[in-house]
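Chemist: Provided below for reference: sequence and predicted model.
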Amino acid sequence: MQKAFEHQATTTQFILDNPRVLITSDPGTGKTRSVLDAYAQRREGKLLVLAPLSILAASWGDDCTKFQPGLTYAVAYARNRAEAFKADVDIVITNHDAVKWLMKNKQHLDGFDTLCIDEFTAFKNKDSQRSKAAARLAEHFEYRIAMSGTPNSNTILDIWHPALLVDDGERLGKRFYGFRGAVCTPQFNGFANVWVDKPEAQEMVAAAIKDINVRYTLENCIDMPEQSINTMYVDLPPKILQQYNTLAEDSVLYTGKGTINAIHAGAKVKKLLQLCTGAVYDDHGSSLMVHDARYQLVMDLIQARDHSLVAFNWRHEREKLTELSDKAGIKYDFIDGTTPAKKRKDIVDRMQAGQLQVVFAHPQSAGHGLTLTRATSVIWASPTYNAEHYQQFNRRIYRAGQTKKTEVIQIAARDTWEPDVYEKLQDKLGRMEDLLTVLNKLNELRKTA
């Protein structure tokens with residue numbers, strides 16, 4: 001078995017030394033192994049893992065088998081939850097939404113003393129039913145670990161509820177509105193007040209959670225090859241650009257095949273971004289294909305590279321890309337919300353074995369836990385507004401095990417919203433990096449103290 005990296009061993013010891021832990025190390029640094037190694041050493045009660053559905057078996061199950069073969073585990077899906085929790089195993093791995101079921105079936109928590117929440121941003125919304133159930137669930141555990149490499153991808157407020165799950169509000173407060181008033185200021189955006197991070201918000205939060213936080217950057221703990229980020233532009237056909245401008249001004253578009261309405265600003269932006277990618281969806285969910293200008297560029301990029309990972313946001317993108325791949329004889333597969341867990345693992349294994357030239361994937365479905373380091377290129381067929389999905393998806397190829405230079409290629413239509421979306425993503429990531437940079441400095445100070 002491969003020896004743990006130094007940063008993994010240090011993280012393991014930090015978990016053993018602290019009953020409540022936040023791990024904010026970068027995606028790809030091997031946080032899962034540190035948790036498993038710590039649990040194997042302490043091993044008092046049972047371990048409950050809450051993780052994204054897509055990585056229950058593909059990441060946690062595989063890592064348990066690889067790094068801690070002496071531990072037994074069960075993966076609990078909706079179809080077999082009761083049986084999995086009754087199984088005589090050390091670890092039960094289940095998805096985030098299972099918290100609601102567990103609060104209705106608390107008898108299944110008997111024997112557990114350790115909770116690990118993987119990708120704790122799933123519980124950042126304090127008002128969701130899932131988050132409320134998670135707060136009640138956490139009270140049943142003596143040892144609590146929560147981890148994410150993207151802890152505040154939108155605002156510093158994202159970290160309040162995950163921290164509450166770990167320490168019951170000891171560090172960031174038990175009242176959300178008190179925390180918000182301390183780290184944000186209200187600004188009127190023309191429609192309503194929005195809460196904007198104060199300049200010193202990152203430092204305030206980092207100082208408050210430093211004693212329970214451990215963080216490592218990928219570059220500081222592993223000698224990573226360079227990664228570049230480039231934007232490539234396409235021009236919309238004149239007729240489509242005219243339709244784009246019409247929809248932007250009037251919120252109604254007659255395509256010749258149907259009528260598209262965008263009744264508010266958010267809907268308008270969504271429809272405009274759809275139109276850039278070649279289709280718009282009517283009120284019944286049917287897509288009206290109006291052009292395929294960008295997809296040949298995506299295919300040219302794929303064919304010029306040995307192995308690529310391509311992000312798509314809409315169903316029609318997947319359909320067009322797989323259609324063109326079939327015509328070109330390109331070996332591919334895709335991962336989205338319809339892909340079963342067993343098939344996800346098979347797709348990852350085939351890509352890593354070099355049997356696939358490209359994997360088309362939805363960022364939300366393939367943005368966590370999966371290792372696809374055989375690929376050296378991430379191609380964004382269209383942008384996402386979600387900074388967490390963007391960062392996590394790019395890290396599928398830029399992680400431990402990558403030995404070659406990698407690239408991220410962003411495709412955007414000129415004179416549209418798309419370049420602005422990529423720019424706003426960088427703004428969000430910049431704010432997130434501010435907090436992570438402070439946490440990293442505090443972690444370095446702790447090591448030298």
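Modeler: Sure, I can see it.

Chemist: state the mean pLDDT of the longest helix along the chain.
Modeler: In the chain, with assignment by DSSP state H, the single longest helix is helix 418-448. For helix 418-448, mean pLDDT rounds to 83.

Chemist: can you give me the buried ones in that helix?
Modeler: Residues of helix 418-448 classed as buried: 418-419, 421-422, 425, 428-429, 431-436, 438-440, 442-443 (neighbour count, 16 or more other Cβ atoms under 10 Å). For the C-beta atoms, the positions are set from N, CA and C on the backbone; glycine is no exception.

Chemist: next: stretch 369-387.
Modeler: Here stretch 369-387 shows 369-384, 386-387 as buried, counting by 16+ other Cβ under 10 Å.

Chemist: using CSV, write out the CA atom coordinates for the one helix or strand K327 maps to.
Modeler: Element membership for K327 (DSSP states H and E) is helix 315-328. The C-alpha coordinates for helix 315-328 follow below in CSV (Å, rounded to 0.1, in the frame of the first residue of the first chain):
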residue,chain,number,x,y,z
ARG,A,315,-29.2,18.3,-22.3
HIS,A,316,-29.0,19.4,-25.9
GLU,A,317,-25.3,20.0,-25.6
ARG,A,318,-24.7,16.4,-24.5
GLU,A,319,-26.9,15.1,-27.3
LYS,A,320,-25.1,17.2,-29.9
LEU,A,321,-21.7,16.3,-28.7
THR,A,322,-22.4,12.6,-28.5
GLU,A,323,-24.0,12.7,-31.9
LEU,A,324,-20.9,14.3,-33.4
SER,A,325,-18.6,11.9,-31.6
ASP,A,326,-20.5,8.9,-33.0
LYS,A,327,-20.1,10.3,-36.5
ALA,A,328,-16.3,10.9,-35.9
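
Chemist: and the next element down the chain from that helix?
Modeler: Downstream of helix 315-328, the next assigned helix or strand under DSSP H and E is strand 332-335.

Chemist: where are the low-confidence patches of the stretch 251-400 of the chain?
Modeler: For the stretch 251-400 of the chain, the stretches flagged by pLDDT under 70 are 251-266, 281-290.

Chemist: what about 80?
Modeler: Applying pLDDT under 80 to the stretch 251-400 of the chain flags residues 251-269, 279-293, 367, 369.

Chemist: so A361 makes contact with V310?
Modeler: Yes: using Cβ atoms under 8 Å, A361 is in contact with V310, at 7.1 Å.

Chemist: picking that back up, now the helix holding K327: buried residues?
Modeler: Neighbour-count burial for helix 315-328, counted by 16+ other Cβ under 10 Å, picks out 315-318, 320-322, 324-325.

Chemist: same thing with stretch 347-364?
Modeler: Applying 16+ other Cβ under 10 Å to stretch 347-364 flags 347-348, 351-352, 356-364 as buried.

Chemist: ok, which pair from these is furthest apart?
Modeler: Pairwise distances across the buried residues of stretch 347-364 peak at 23.3 Å for Q357 and Q364 (criterion: Cβ to Cβ).

Chemist: and L16, what does it touch?
Modeler: Residues near L16 by Cβ atoms under 8 Å, 6 or more residues apart in numbering: 38, 41-42.

Chemist: closest one of those to T11?
Modeler: Closest to T11, out of all of the contacts of L16 and judged by Cβ to Cβ, is A38, at 8.0 Å.

Chemist: helices along the stretch 1-150 of the chain, start to end?
Modeler: 6-17, 31-42, 62-67, 81-86, 98-104, 129-138 (DSSP state H, counting those that start in this stretch).

Chemist: ok, which of the ones you listed comes nearest E226?
Modeler: E226 sits nearest to helix 6-17 of all the helices of the stretch 1-150 of the chain, at 20.4 Å, using Cβ to Cβ.

Chemist: gap between the closest one and the chain center?
Modeler: In terms of Cα atoms, centre = their mean, to the nearest Å, the centre of helix 6-17 is found 24 Å from the chain centre.

Chemist: likewise for stretch 344-356?
Modeler: With Cα atoms, centre = their mean, you get 20 Å for stretch 344-356.

Chemist: and stretch 12-22, by the same measure?
Modeler: That offset, for stretch 12-22, works out to 23 Å (Cα atoms, centre = their mean).

Chemist: for that stretch, the averaged confidence score.
Modeler: Across stretch 12-22, the average pLDDT comes to 97.

Chemist: neighbours of P340, how many?
Modeler: P340: 9 surrounding residues under other Cβ atoms under 10 Å.

Chemist: give me the distance between it and V205.
Modeler: Relative to V205, P340 is positioned 39 Å away (Cβ to Cβ, to the nearest Å).

Chemist: what pLDDT does V89 get?
Modeler: Listed pLDDT for V89 reads 97.

Chemist: what's the closest non-adjacent residue to it?
Modeler: Leaving aside its sequence neighbours, V89 sits nearest to T72 (Cβ to Cβ, 6 or more residues apart in numbering; 4.2 Å).

Chemist: any idea how many residues pack against the one you found?
Modeler: 12.

Chemist: kindly report the same for K104.
Modeler: K104: 8 surrounding residues under other Cβ under 10 Å.

Chemist: tell me the contacts of it?
Modeler: By Cβ under 8 Å, 6+ apart, K104 lies in contact with nothing.

Chemist: repeat the analysis, applying 10 Å as the threshold.
Modeler: By Cβ atoms under 10 Å, 6 or more residues apart in numbering, the residues touching K104 are A133.

Chemist: try the one 4 residues further on
Modeler: With contacts defined as Cβ under 10 Å, 6+ apart, H108 is in contact with 48, 76, 81-82, 84-86, 92, 98, 101-102.

Chemist: and those as CSV, adding neighbour count and distance to L165?
Modeler: Shown next, in CSV, are the contacts of H108 (neighbours: other Cβ atoms under 10 Å; distance: Cβ to Cβ, whole Å):
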residue, neighbour count, distance to L165
L48, 26, 13
A76, 24, 19
R81, 19, 21
A82, 12, 24
A84, 19, 22
F85, 24, 20
K86, 12, 25
V92, 24, 18
A98, 25, 15
W101, 17, 17
L102, 23, 14
